[in-house]
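# just need the structure, nothing else, for what follows:
(2 chains)
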Amino acid sequence: GAVVSQHPSWVICKSGTSVKIECRSLDFQATTMFWYRQFPKQSLMLMATSNEGSKATYEQGVEKDKFLINHASLTLSTLTVTSAHPEDSSFYICSARGRQKTYEQYFGPGTRLTVT
Amino acid sequence: DAKTTQPNSMESNEEEPVHLPCNHSTISGTDYIHWYRQLPSQGPEYVIHGLTSNVNNRMASLAIAEDRKSSTLILHRATLRDAAVYYCILRRMDSSYKLIFGSGTRLLVRP
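Alright, predicted model coming up:
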């Protein structure tokens, strides 16, 4: 149980276009979802926290107009990278927290974004 | 957010115990100590967490110093599948449930 999926697993897009990444909790309802970014050989950096039905809370230094987060239901959150540039190329990982075992975050497998 | 300090890397032999240290001298009374690990090209996975007392689960044990300024993750018998980056994280006891990852320890397991 407690599986989180991401789609797509990898994506290549051209500079200036927008890309949407989906994060789904498959077998539980996620009260909170988190989005992270990870550059090669580096640690995860928390980008934002989203609760179902409310606006996301972004970490300091993360541009909310560039990284649009929507948490439309208890099982789905989306991250849209708008007007992507090569420096946005990274590994994007989501996690979800359910109502049970609230101390534990379940992470998705990640999405590799390459902007050319 | 309180900071944690971990060695960059450690090595272990297969089937031997591994002790992964973490220093968190600025920990507050409302911080939980969490450990997650990340296998190559995957998202992190929960390992264990604690507040004051030592904790055991099927994956590992967590030993917390009496003053809570340090902790040690113990893998009782390392396997090749345990090769990963291990993150020690302090999570504030508030409603955000945010995890702020540090640099972690890369564990190499020798066959």
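
# and A:Trp35, which of the three is it?
Following DSSP: H, G, I helix; E, B strand; the rest coil, we place A:Trp35 in the strand state.

# can you tell me the SS state at the closest residue to it other than its chain neighbours?
Excluding the flanking residues, the one nearest A:Trp35 by CB to CB, 6 or more residues apart in numbering or on different chains is A:Met47, at 4.6 Å. To be clear about C-beta, it is placed using only N, CA and C from the backbone, and glycine gets the same treatment. Classification of A:Met47 using three-state DSSP returns strand.

# B:Asn23 and B:Lys3 touch, don't they?
No: between B:Asn23 and B:Lys3 there is no contact under CB atoms under 8 Å: 9.0 Å.

# neighbour count for those two, which is higher?
Between B:Asn23 and B:Lys3, counted using other CB atoms under 10 Å in any protein chain shown, the more crowded position is B:Asn23 (16 against 12).

# so what's that one scoring on pLDDT?
For B:Asn23, the pLDDT comes out at 96.

# try A:Ala72
Looking at A:Ala72, its pLDDT stands at 82.

# which residues of the chain fall in strands?
Since no chain was named, I'll use chain A. Secondary structure of chain A (DSSP state E): strands at A:4-7, A:10-13, A:19-25, A:30-38, A:44-51, A:57-58, A:67-73, A:76-81, A:90-98, A:106-107, A:111-115.

# switch to chain B, that's the one I care about
With DSSP E as the criterion, chain B has strands at B:9-13, B:18-23, B:31-38, B:45-50, B:55-56, B:61-64, B:70-75, B:84-92, B:105-110.

# that older thread, what's the closest of the strands of chain A to B:Ala78?
With respect to B:Ala78, and counting by CB to CB, the nearest of the strands of chain A is strand A:106-107 at 22.1 Å.

# ok so, going back, what's around the residue nearest to A:Trp35, how many residues?
22.

# what sits against it?
A:Trp35, A:Tyr36, A:Arg37, A:Tyr58, A:Glu59, A:Val62, A:Phe67, A:Leu79 (CB atoms under 8 Å, 6 or more residues apart in numbering or on different chains).

# shouldn't the third one be in contact with A:Glu59?
No: counting by CB under 8 Å, no contact exists between A:Arg37 and A:Glu59, whose distance comes to 10.1 Å.

# shared neighbours of the two, anything?
A:Met45, A:Met47.

# A:His7 touches A:Leu26, doesn't it?
No: using CB under 8 Å as the test, A:His7 is too far from A:Leu26 to be in contact (11.5 Å).

# out of the strands of chain B, which gets nearest to A:Arg99?
Closest of those to A:Arg99 is strand B:45-50, at 16.0 Å (criterion: CB to CB).

# burial of A:Ile93, as a residue count?
Neighbour tally, A:Ile93, other CB under 10 Å: 26.

# if I look at it, how far off is A:Leu68?
The gap separating A:Ile93 from A:Leu68 is 17 Å, by CB to CB, to the nearest Å.

# and the gap between the closest residue to chain A within chain B and A:Val3?
Closest residue of chain B to chain A, CB to the nearest CB: B:Gly43 (3.2 Å). Using CB to CB, B:Gly43 is found at 11 Å from A:Val3.
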